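Enquirer: sequence first, then the predicted structure:
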Amino acid sequence: MITFLLSVVFLIAGYFIYGAFVERVFGVDPKRETPAITMADGVDYVPMGWGRIFLIQFLNIAGLGPIFGAVAGAMWGPVAFFWIVFGCIFGGAVHDYFSGMLSLRNQGRSIPEIVGEYLGNGFRQFMRVFTVLLMLLVGAVFVIGPAAILNGISNLGIAVWAALVFIYYILATMLPIDKLIGRIYPVFGFALLFMAVGISGGIVFGGYEIPEAFPSGFTNMHSEPGKFPVFPMLFVTIACGAISGFHSTQSPLMARCITNEKLGRRVFYGAMVAEGIVALIWAAAGMAFYGGVGPLNEVMAAHQGNAAWVVNDISNSLLGKFGGILALLGVVAAPITSGDTAFRSARLIIADFIKLQQGTIRNRLLITIPLFIVGFIITRVDFSIIWRYMAWSNQTLATIVLWAITVYLVREGKSYWITLFPSIFMTAVVSTYLMAAPEGFSLPLNSSYTIGLSITCLISLWFLIFIRKMNKRELAVIEKKG
């Protein structure tokens, strides 16, 4: 219990202390007009209040991530608390803040354009393709999953429910952001937070024992520790509660609606911290509800790793009938509200690339129709395969964005170490995971560590060479002026 409560305190303190420091490093200008004002188009660039934007951003980046990912991450034991807390404060929240604020400073442009600005045109082209594919994977995953759950409630057929979800996605992708997303997201966002508070109250005051981080520390408590080592598996399993590349695709949506740069920390850094707290609550609930980490592993194994079953069981037991409604919200509404903004983000990324203004319905349809055709094709692929590749792609995107932010900070002469260390760490995570995971090269763990470390060292060396070249160019400019 003490570890859990301290973790919550650290996250909140992280927002006020480290979040304020990150804001100073960026250097906000409250008098600078934002794209919501200067580029208002009534569709994507729409000024909205910060509270409304916060709840939309929170739900955009949350989805099922801080719930299902945290429950699955709890299978490793209290070590999950460390990753959620430190990953969120020093990695995820910094990643989200800068991706949002750099979009804000660049006419609300999407993340591939931001990355290309700092890593070069080659990365821009790569990111355009990579990010759109990731958005389509996310959208496809969050069609079949909710459709299957809804079919279990009302047996209309998965195909019928999937079609209905697709219709909603098309509307959410096409309509002005304040007409549909802006109206229902704040409600669902508040409900998701309320659900987390109810679960935490049930665990804390219900006599459940949350495992402590000490003396277990970083012990791997997974039922198959040899197959699922803490590094890198835990750091990919718990993504949205700590750091997630998907968030960088969502932040520009709100960068087009925010009305003052001073609100950036509340919206971008704050929403990530809120998500971290939700992840902590669900990780704690997973460890405590069944009487420990071992029993949780047994339950997950009995249900083929289905975190949705665990979430539903915990919600109904701790919150009763009302909990059942909230559980339904968590496993249906949350993924749907990630899927729709995934498609919307894909539309905006393509629009930025081909420079097609989105003020008219015709222009939106020109991009939306092909997107949904491809999205439909992807839904025909096995769900488990899509999910595995989406997890690695998501963390890889976060790594690339962190490197882009680091280059930006170097160019601006700012404290680049705040993203350099997370960049190096995440490079080690995704490269090692690619070597070791079944969906990767399935190499022995020691070989995966060696190759992953080598890749990380090479990329770090590239960065040092980049800094040296940049310093030489700046020195040459100074000498020329002198």
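Expert: Done, it's in.

Enquirer: do I have it right that Asn106 meets Val115?
Expert: No - if you go by CB atoms under 8 Å, Asn106 and Val115 don't touch, sitting 11.1 Å apart. In short, each C-beta sits where N, CA and C put it, glycine included.

Enquirer: between these two, who's got more neighbours?
Expert: A direct count of neighbours by other CB atoms under 10 Å for Asn106 and Val115 places Val115 higher, at 28 against 15.

Enquirer: list the residues that contact the more buried one.
Expert: 123-124, 127, 400-401, 404 (CB atoms under 8 Å, 6 or more residues apart in numbering).

Enquirer: can you check Ala391 too?
Expert: By CB under 8 Å, 6+ apart, the neighbours of Ala391 are 236-237, 239.

Enquirer: quick one, helices of the stretch 301-450 of the chain?
Expert: Secondary structure of the stretch 301-450 of the chain (DSSP state H, counting those that start in this stretch): helices at 307-328, 334-354, 361-378, 383-411, 417-436, 445-481.

Enquirer: so Pro225: helix, strand or coil?
Expert: Of the three states, Pro225 takes coil under DSSP: H, G, I helix; E, B strand; the rest coil.

Enquirer: I'd like to know how many residues surround it.
Expert: 13.

Enquirer: ok, of the contacts of Val115, which one's closest to Pro444?
Expert: The shortest gap between Pro444 and any of the contacts of Val115 belongs to Ile400, at 27.1 Å (CB to CB).

Enquirer: how close does the closest one sit to Met300?
Expert: 31 Å (CB to CB, to the nearest Å).

Enquirer: point out where the stretch 151-300 of the chain drops to low pLDDT.
Expert: Residues of the stretch 151-300 of the chain meeting the criterion pLDDT under 70: 152-153.

Enquirer: for it, what spans make up the strands?
Expert: With DSSP state E, counting those that start in this stretch, there are no strands along the stretch 151-300 of the chain.

Enquirer: how about the helices of it, start to end?
Expert: According to DSSP H, counting those that start in this stretch, the helices that the stretch 151-300 of the chain contains are 158-174, 181-205, 235-237, 246-255, 264, 270-289, 293-302.

Enquirer: elements contacting the third one?
Expert: It stands for helix 235-237. With contacts defined as 3 or more CB pairs under 8 Å, 6 or more residues apart in numbering; DSSP states H and E, helix 235-237 has these neighbours: helix 383-411, helix 417-436.

Enquirer: ok, now the fifth one?
Expert: Judged by 3+ CB pairs under 8 Å, 6+ apart, the packing partners of helix 264 are helix 93-105.

Enquirer: now whichever helix or strand comes after the helix it packs on, how far from the chain's geometric center?
Expert: Once the chain leaves helix 93-105, the next helix or strand it forms, by DSSP states H and E, is helix 111-119. Distance of helix 111-119 from its chain centroid, counting by CA atoms, centre = their mean, to the nearest Å, is 18 Å.

Enquirer: can I get helix 111-119 in CSV? Just the C-alpha atoms.
Expert: Provided in CSV are the C-alpha atoms of helix 111-119 (Å, rounded to 0.1, in the frame of the first residue of the first chain):
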residue,chain,number,x,y,z
ILE,A,111,4.1,14.8,-36.0
PRO,A,112,5.7,13.5,-39.3
GLU,A,113,6.2,17.1,-40.3
ILE,A,114,7.6,18.0,-36.9
VAL,A,115,10.1,15.1,-37.0
GLY,A,116,11.1,16.0,-40.6
GLU,A,117,11.8,19.6,-39.4
TYR,A,118,14.5,18.4,-37.1
LEU,A,119,15.7,15.0,-38.4
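
Enquirer: returning to that earlier point: quick one, which of the helices of the stretch 151-300 of the chain gets closest to Val25.
Expert: Across these, Val25 has its closest neighbour in helix 264 (12.4 Å, CB to CB).

Enquirer: if we can go back for a sec, which one (most neighbours) among the contacts of Ala391?
Expert: Ala239 (26 neighbours).

Enquirer: so that one makes contact with Gly65?
Expert: Yes - assessed by CB under 8 Å, Ala239 is found in contact with Gly65 at 5.9 Å.

Enquirer: list residues touching both of the two?
Expert: Common neighbours of Ala239 and Gly65 (CB under 8 Å, 6+ apart) are Phe246.

Enquirer: still on that earlier bit, can you redo the helices and strands packed on helix 235-237 as a markdown table with mean pLDDT?
Expert: Listed next are the helices and strands packed on helix 235-237 as a markdown table, based on pLDDT from 0 to 100:
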| stretch | mean pLDDT |
| --- | --- |
| helix 383-411 | 85 |
| helix 417-436 | 96 |
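
Enquirer: for Phe81, find the nearest of these.
Expert: helix 417-436 (17.4 Å).

Enquirer: helices or strands up against that closest one?
Expert: By 3+ CB pairs under 8 Å, 6+ apart, helix 417-436 packs against helix 18-26, helix 93-105, helix 235-237, helix 383-411, helix 445-481.

Enquirer: save the ones you listed as JSON lines, and put in distance to Thr219 too.
Expert: Output for the helices and strands packed on helix 417-436, formatted as JSON lines (distance: least, CB to CB, whole Å):
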{"stretch": "helix 18-26", "distance to Thr219": "27"}
{"stretch": "helix 93-105", "distance to Thr219": "27"}
{"stretch": "helix 235-237", "distance to Thr219": "16"}
{"stretch": "helix 383-411", "distance to Thr219": "23"}
{"stretch": "helix 445-481", "distance to Thr219": "17"}
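
Enquirer: wait, which of these is closest to Trp309?
Expert: helix 383-411 (15.5 Å).

Enquirer: how about the closest one: buried residues?
Expert: 386, 388-410 (16 or more other CB atoms under 10 Å).

Enquirer: Ile350 contacts Leu133, doesn't it?
Expert: No - using CB under 8 Å as the test, Ile350 is too far from Leu133 to be in contact (11.8 Å).

Enquirer: which of the two has more neighbours?
Expert: Using other CB under 10 Å as the criterion, Ile350 and Leu133 rank with Ile350 on top: 21 against 16.

Enquirer: no more questions from me, cheers.
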